[in-house]
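Colleague: Any chance you could fold what I've pasted below:
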Amino acid sequence: MNHTHPMRNAKIVATLGPASAAPERIAELFKAGANVFRLNFSHGSHADHARTHQAIRRLEEEAGRPIGILMDLQGPKLRVGRIAGGKTRLVTGRPFRLDLSPEPGDDARAPLLHPEVFAALAPEMALLLADGTLRLRVVRCGPDFAETEVEVGGELSDHKGVNLPNAVLDISPLTDKDRADLAYGLDLGVDWVALSFVQRADDVAELRKLVGGRAGVLAKLEKPAAIDELYDIVDLADAIMVARGDLGVEVPPEDVPILQKRIIRACRRAGKPVIVATQMLDSMVHSPVPTRAEASDVATAVYDGADAVMLSAETAVGAYAAESVGMMSRIIHRVERDPLYRPLIDTQRREPQPTAEDAISAAARQVAHTISAAAIATFTSTGSTTLRAARERPEVPILGLTTTDQTARRLTLAWGVYPVRARAVTRVVEMVAEATRAAREEGFADTGDLVVVTAGMPFGTPGTTNLLRIAEID
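Modeller: Take a look at the predicted model:
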């Protein structure tokens with residue numbers, strides 16, 4: 001078996017921003033190993049995103065390989081209002097009031113112009129301000145105010161964010177801005193839509209309805225409430241992001257690694273792609289090398305079998321954008337060659353369900369192992385056959401052969417999958433010919449190598465995987 005192909009199983013998502021939005025920068029990140037680009041709709045104008053989108057699609061054409069584009073919706077941002085003089089200091093142990101009056105705040109009160117926050121509060125609840133650096137405890141509250149005691153004081157400036165770790169707010173995760181952004185992004189042709197501020201499964205259902213199958217729906221898990229509905233959310237979403245930044249504000253830091261493992265496990269069981277995000281190589285925003293802890297953090301996500309790891313500020317505003325992607329790629333390659341990697345990945349595999357699709361996918365992994373195949377080739381119209389193969393975490397690369405750009409681009413996020421635009425096939429002999437051609441042309445196999453092929457008959461019927469063939473490259 002001769003791996004001529006330098007493929008990684010875990011994928012890299014790179015966020016584009018001021019430091020990386022120029023076409024030549026995007027090309028550098030792609031060359032360094034980025035598989036999917038994230039457009040953060042919290043920043044930038046529609047025109048900016050359109051230019052970036054166009055640059056990625058041009059690069060895709062030049063590279064002859066699908067590239068995924070993920071749009072990330074901002075979601076509702078809860079913030080305190082104006083503070084007189086721009087900032088003030090909250091003193092630990094002192095009372096502090098939040099209310100709906102727009103009067104500028106001081107060291108004893110501040111405006112919080114979100115009635116839905118007061119509706120969700122109860123005495124003894126915690127309120128976090130300024131990314132969790134300030135902590136208040138609710139003493140008394142009503143529909144338009146909260147009297148709190150400052151538990152952790154410090155500086156509070158204008159428009160700082162507010163987090164409510166123990167409350168579920170009666171608020172849609174989609175603001176008017178998000179709805180306008182979504183319509184724009186779908187018209188551009190993004191492949192994935194990421195939803196912020198998910199509190200319950202219904203939030204994902206709401207986005208699904210609006211997207212209407214035009215892109216994959218990705219739920220960001222950043223609220224403790226969402227973890228309570230983890231399995232329902234995973235069921236409804238097409239993919240999941242472990243958004244550790246916001247999650248780390250609302251839950252204690254020592255809980256974040258445990259939740260990360262629990263979420264990855266739930267996604268792997270369901271066969272849904274999962275991204276680990278936020279601060280993975282954070283020091284590389286300003287430094288050409290990461291800390292040991294950061295390298296270890298990326299490695300842990302890879303050992304856990306996450307589909308993708310993500311860079312945010314590192315590539316969006318960082319001084320070492322391409323270096324960050326290159327470093328991440330090297331860490332992934334290194335881990336995936338470690339003898340300990342396989343046993344760790346295999347312990348998490350679940351028993352196949354008693355369906356034809358699961359049986360074939362599990363068999364494909366087993367057959368590929370037994371005959372030392374060069375690759376598994378999957379034919380898919382929607383991506384489900386390929387994702388099922390990826391859920392098995394086989395030892396060989398998975399070729400995701402599909403006739404549509406949309407499916408190929410969406411599969412750029414999936415573990416171990418190399419998406420390929422293939423010709424339409426109607427008969428098994430054509431399928432075998434197309435699979436062996438792709439495996440050879442993309443550098444996965446040579447004459448005499450074996451490829452395991454899975455597909456659904458009749459061809460083009462979504463969701464059927466019922467055929468397994470072994471093909472020899474001639």
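
Colleague: Counting neighbours, which bits of the longest helix along the chain end up buried?
Modeller: As assigned by DSSP state H, the longest helix anywhere in the chain is helix 46-63. In terms of neighbour count (16 or more other Cβ atoms under 10 Å), helix 46-63 has its buried residues at 49, 50, 52, 53, 55, 56, 59, 60. Backbone N, C-alpha and C define where each C-beta goes, glycine included.

Colleague: Domain boundaries for this protein, per the record?
Modeller: 11-75+173-338, 87-163, 356-472 (automatic domain parsing).

Colleague: same question for the shortest one, mean pLDDT?
Modeller: With pLDDT averaged residue by residue, domain 87-163 scores 94.

Colleague: and the end-to-end length of that domain?
Modeller: By Cα to Cα, to the nearest Å, the extent of domain 87-163 from end to end equals 19 Å.

Colleague: need the helices for the stretch 301-450 of the chain, in chain order.
Modeller: 313-316, 321-336, 341-347, 356-370, 384-391, 405-410, 428-441 (DSSP state H, counting those that start in this stretch).

Colleague: can you list contacts of stretch 52-68?
Modeller: 16, 21-23, 26-27, 30, 35-37, 39, 69, 188-192, 405, 408-413, 419, 421 (Cβ atoms under 8 Å, 6 or more residues apart in numbering).

Colleague: For residue 375, which non-adjacent residue is spatially closest?
Modeller: Nearest in space to residue 375, with sequence neighbours left out and distances taken as Cβ to Cβ, 6 or more residues apart in numbering, is residue 444 at 4.4 Å.

Colleague: and that neighbour, how far is that from residue 438?
Modeller: Residue 444 is 8 Å from residue 438, where distance means Cβ to Cβ, to the nearest Å.

Colleague: the more surrounded of the two?
Modeller: residue 444 (27 against 22; other Cβ atoms under 10 Å).

Colleague: which residues in the stretch 101-250 of the chain form strands?
Modeller: Assigned by DSSP state E, counting those that start in this stretch, the strands in the stretch 101-250 of the chain fall at 109-111, 126-129, 134-142, 145-152, 154-157, 162-163, 192-195, 216-221, 239-243.

Colleague: Would you mind telling me which of these is nearest residue 82?
Modeller: strand 109-111 (6.8 Å; Cβ to Cβ).

Colleague: returning to what we had before: from the contacts of stretch 52-68, list just the buried residues.
Modeller: 16, 21, 26-27, 30, 35-37, 39, 69, 188, 190-192, 408-413, 419, 421.

Colleague: confidence score at the residue lying closest to residue 302 once chain neighbours are set aside?
Modeller: Using Cβ to Cβ, 6+ apart and skipping the chain neighbours, the partner closest in space to residue 302 is residue 335 (4.4 Å). Note on residue 335: pLDDT of 97.

Colleague: same check, this time on residue 474
Modeller: 88.

Colleague: Please pick out the residue of this protein most distant from its centre.
Modeller: What lies farthest from the middle of the chain is residue 94; by Cα atoms, centre = their mean that is 40.7 Å.

Colleague: That one and residue 162, how far apart?
Modeller: 18 Å.

Colleague: Same question for residue 338.
Modeller: From residue 338 to residue 162 the distance is 43 Å (Cβ to Cβ).

Colleague: And for residue 357?
Modeller: From residue 357 to residue 162 the distance is 45 Å (Cβ to Cβ).

Colleague: For residue 77, which non-adjacent residue is spatially closest?
Modeller: residue 161 (6.6 Å).
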